[in-house]
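Colleague: what follows is a predicted protein model with its sequence.
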Amino acid sequence: MGQIRLTGNPPIEVILRRSARARRLSLRMSQLDGRVTLTLPRGVAEAEGLAFLREKEGWLRSHLERRDADVEIAPGAWLPVEGVPREILASTGRSVRLEPEALRVPGEAARMQARLKGWLRARARDRLVAASDRYAEALGRPYTRITLRDTRSRWGSCTQDGGLMYSWRLILAPPEILDYVAAHEVAHLAEMNHSPAFWAVVERLYGDWKGSRTWLRRNGAGLHRFRF
């Protein structure tokens, strides 16, 4: 895997990926982080890939312009916590303080991102453990462990041995969205599929899940805009 630059204003960094399975050139832009990937089939020269990239430049720039800008975590930036936007403010004291419209983060500016990320992960774990415990008890099936990650492709997962994994960024979403994902993954303890029987379990645990799933599909990518 390499990288090339598409010159222009602004220049665009493009990840160059070769694939033995690919049958044609393809260009993909991630809605999560704006990352652009050009896939070349085996035997296709890099120059041909660059020419293809130039042909698609208008399409690529229009999509990048429509994508919401990334937010660097720093004083003055706004970050949603449990669905409510809060302004990040430098502060004194020993711990992060959550207020109705602010997040007060103590310590050196250079460590603000790490401190706030750690606080968010801890809060996410508390909420997800509580939700998972509640739904597992209602289902009558225990899980074995909970792991938090910063996943790009999924909000949660359930392993065959009952391990639950969640994205810690769910703490940025409204509480009902976090609850929905917890119910979804706990339901897999009974149904390791997405059959009608599975969705019946989700509905029994959570209630009407369709609105929450729609929210994630429409807004979930935006939770990855915040850079720590």
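Modeller: That came in fine, so what should we check first?
Colleague: alpha carbons only for contacts and neighbour counts from here, please
Modeller: Noted.
Colleague: next up, the contacts around the nearest residue to Asp150 once chain neighbours are set aside.
Modeller: Distances taken as C-alpha to C-alpha, 6 or more residues apart in numbering place Ser167 nearest to Asp150, at 5.2 Å, with adjacent residues excluded. Applying C-alpha atoms under 8 Å, 6 or more residues apart in numbering, one finds that Ser167 lies in contact with Leu148, Arg149, Asp150, Thr151, Arg154, Trp155, Gly156.
Colleague: element containing the fourth one?
Modeller: When elements are assigned from DSSP states H and E, Thr151 belongs to no helix and no strand.
Colleague: quick check on the contacts of Ser167: which are buried?
Modeller: Among those, the ones that count as buried by 16 or more other C-alpha atoms under 10 Å are Leu148, Trp155, Gly156.
Colleague: looks like the second one contacts Tyr180 (just checking).
Modeller: In other words, Trp155. No - assessed by C-alpha atoms under 8 Å, Trp155 is found out of contact with Tyr180, at 10.5 Å.
Colleague: and the pLDDT at the residue sitting furthest away from the middle of the chain?
Modeller: Centroid-distance maximum for the chain: Gly43 at 34.4 Å, with C-alpha atoms, centre = their mean. Looking at Gly43, its pLDDT reads 86.
Colleague: quick check: phi and psi at it.
Modeller: phi 90, psi -10 (degrees, to the nearest 10).
Colleague: quick one on the thing from earlier: which of the contacts of Ser167 sit farthest apart?
Modeller: Taking C-alpha to C-alpha, the two most distant members of these are Leu148 and Arg154; they sit 11.9 Å apart.
Colleague: quick one, strands of this structure?
Modeller: 2-6, 12-19, 26-29, 36-41, 71-72, 78-81, 84-91, 97-98, 102-106, 145-149, 156-158, 163-167, 226-227 (DSSP state E).
Colleague: so which of those is nearest Phe198?
Modeller: strand 156-158 (13.0 Å).
Colleague: pairing partners for the closest one, with directions?
Modeller: Note on strand 156-158: by DSSP bridges, its sheet partners are strand 163-167 (antiparallel).
Colleague: could you dump the buried ones among the contacts of Ser167 to CSV with distance to Ala109 and pLDDT?
Modeller: CSV is the format used below for the buried ones among the contacts of Ser167 (distance: C-alpha to C-alpha, whole Å; pLDDT from 0 to 100):
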residue, distance to Ala109, pLDDT
Leu148, 26, 98
Trp155, 30, 97
Gly156, 32, 98
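Colleague: out of these, which one sits closest to Thr39?
Modeller: Nearest to Thr39 among the buried ones among the contacts of Ser167, with distances taken as C-alpha to C-alpha, is Trp155, at 25.8 Å.
Colleague: how near is the nearest residue to the closest one once chain neighbours are set aside to Arg154?
Modeller: Sequence neighbours aside, Ser167 is the residue nearest to Trp155 in space, at 5.2 Å (criterion: C-alpha to C-alpha, 6+ apart). Separation of Ser167 from Arg154 (C-alpha to C-alpha, to the nearest Å) stands at 8 Å.
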